[in-house]
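K.L.:
What follows is a predicted structure for the sequence shown.
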Amino acid sequence: MKKQYELIKSYHTHKNKVGVYGVYHKNKCLYVGSSMNVGRRCFKDHFKPSQFLLQRILSEYYNTDNYGAYYHKSYKLRNKLEFRLLAAFGDEGLSRIEKHEMLETERKIINKLKPTYNINK
């Protein structure tokens, strides 16, 4: 049975939450990351059309030379992405040891899920 991870529904529900998150599309894990503010990372940073992850996903499927078309496609794609909390580390701030533990957890999850767009698999 596949493990179900908590869905990150909005910026406000996970504002200031510290943890490891996954970006999913059609139940496939595309990317795993960690953040000291999961809500901001998922719903502000990853939602920017200039964001590297969106660029990589879109460049595989579309010609991204036309900025207007790219922007429109990125808007449609980001609304289809799901963000899931894969490991929680509390609210606001971590000690250096806890941060190391979070990064180690992120690495283990990357090795397990093998997301498509992680550079350091």
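P.N.:
Perfect, thanks for sending it. Numbers count the residues shown, from 1 in each chain.
K.L.:
Regarding this protein, what is its longest helix?
P.N.:
With secondary structure taken from DSSP state H, the chain has its longest helix at helix 96-113.
K.L.:
now the strands for this protein?
P.N.:
Remark: strands assigned in the chain by DSSP state E are 6-7, 17-25, 28-35, 82-91.
K.L.:
Would you mind putting those into a markdown table with mean pLDDT, mean neighbour count and distance to residue 114 alongside?
P.N.:
For glycine as for every other residue, the C-beta is placed from the backbone atoms N, C-alpha and C. Converted to a markdown table, these look like this (pLDDT from 0 to 100; neighbours: other CB atoms under 10 Å; distance: least, CB to CB, whole Å):
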| stretch | mean pLDDT | mean neighbour count | distance to residue 114 |
| --- | --- | --- | --- |
| strand 6-7 | 85 | 14 | 21 |
| strand 17-25 | 92 | 22 | 12 |
| strand 28-35 | 93 | 20 | 8 |
| strand 82-91 | 91 | 18 | 13 |
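K.L.:
Switch those over to a markdown table; also include distance to residue 119.
P.N.:
Formatted as a markdown table, those follow (distance: least, CB to CB, whole Å):
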| stretch | distance to residue 119 |
| --- | --- |
| strand 6-7 | 25 |
| strand 17-25 | 14 |
| strand 28-35 | 10 |
| strand 82-91 | 18 |
